[in-house]
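> next input, structure requested:
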Amino acid sequence: MRVTGGIYSGRTVRCPKGVIRPSMDRMRESVFSILGNIEGLSFLDLFSGSGIIGIEAASRGASPVVLVEKDFIKKNVIRENYSFVESDISLRLMSVERYIQLAEPKSFNLIFLDPPFPRQEKKKLIDKIGEKQILRDGGILMIHYPAEDELDRVEFEHFRLIDKRKYGRSIVLFFRNRPDEDHSWEQEVENTEDNSCDSQS
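The predicted structure is shown next:
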């Protein structure tokens, strides 16, 4: 995999051993294009895997960036992957559920998650993030999941769906936690398919 934009554009990232679903380059490039300027914004990468999403965020100026991954055997590869990043980036080796439980309220501007769970468990996780109020006011939460989960049809108590992007057989949803506030990222929900991505990684 390679970093698709920012100051580390073109740098390669290894896939660690263990269960992992590498995200497509085109999907990552599109997601960060949608977010726009994220310089100085805090970023949380849950179920980090290789760390590529958090590294992409750091490459585009996000800081601090926190990667959360519970699989201990991935530790060395993840740390090697972000070794060239000079800004504030760190790895937390623990389950996502435990990290959410311990996290301080209003800790992050941006949260990305790619959970390997059934649809109902994904909903519970998003609800827990909302209950703990980890996302800052006006922040964005993103979830990447297989299209067959139909997560966009689920109602969430703490978040409002503001955008939907389809990449082959996978989807990324964008949520906000404060629908009553004006924000430059807010837009009507779109069902946009990127036909250049024809497979789910």
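
> ranges for the helices of this protein?
Per DSSP state H, the chain carries helices over the ranges 25-35, 52-59, 75-81, 96-102, 119-132.

> what comes up buried for the last one?
Buried positions in helix 119-132, judged by neighbour count with 16 or more other Cβ atoms under 10 Å: 122, 123, 125, 126, 129, 130, 132. C-beta: built from backbone N, CA, C; applies to glycine.

> same check, this time on stretch 55-65
Neighbour-count burial for stretch 55-65 flags 55, 56, 57, 58, 59, 60, 62, 63, 64, 65 (criterion: 16+ other Cβ under 10 Å).

> and stretch 81-99, by the same measure?
By neighbour count with 16+ other Cβ under 10 Å, stretch 81-99 contains the buried residues 81, 82, 85, 89, 91, 92, 96, 99.

> name all residues that make contact with the fourth one.
Which is residue 89. Taking Cβ atoms under 8 Å, 6 or more residues apart in numbering, we find residue 89 in contact with 54, 55, 58, 63, 64, 65, 66, 67, 82.

> from those, pick the one nearest residue 48.
Distance ranking of these against residue 48, using Cβ to Cβ, places residue 67 first at 3.9 Å.

> that closest one contacts residue 50, correct?
No. The criterion here is Cβ atoms under 8 Å, and residue 67 misses it with residue 50 at 9.5 Å.

> which residues are in contact with each of those two?
Shared contacts of residue 67 and residue 50, counting by Cβ under 8 Å, 6+ apart, come down to residue 78.

> where in this protein is pLDDT low?
Where the chain drops to pLDDT under 70, the residues are 18-23, 178-201.

> please redo it, this time with the cut-off set to 50
179-193, 195-201 (pLDDT under 50).

> can you point me to the longest strand in it?
strand 135-146 (DSSP state E).

> in that one, which residues are buried?
When burial is assessed from 16+ other Cβ under 10 Å, strand 135-146 yields the following buried residues: 135, 136, 139, 140, 141, 142, 143, 144, 145.

> helices and strands around that strand, which ones?
Strand 135-146 is packed against helix 25-35, strand 108-113, helix 119-132, strand 170-176, with contacts defined by 3 or more Cβ pairs under 8 Å, 6 or more residues apart in numbering; DSSP states H and E.

> quick check, central residue of the protein?
With the centre of the chain defined as its mean C-alpha position, the nearest residue by Cα atoms, centre = their mean is residue 112, 1.7 Å away.

> residues contacting the nearest residue to it once chain neighbours are set aside?
Sequence neighbours aside, residue 142 is the residue nearest to residue 112 in space, at 4.7 Å (criterion: Cβ to Cβ, 6 or more residues apart in numbering). Residue 142 makes contact with 31, 110, 111, 112, 113, 172, 173, 174, 175, according to Cβ under 8 Å, 6+ apart.

> burial of the last one, as a residue count?
This means residue 175. When neighbours are counted by other Cβ atoms under 10 Å, residue 175 registers 22.

> just checking, it touches residue 161?
Yes. Using Cβ under 8 Å as the test, residue 175 is close enough to residue 161 to be in contact (5.7 Å).

> brilliant, that's me finished.
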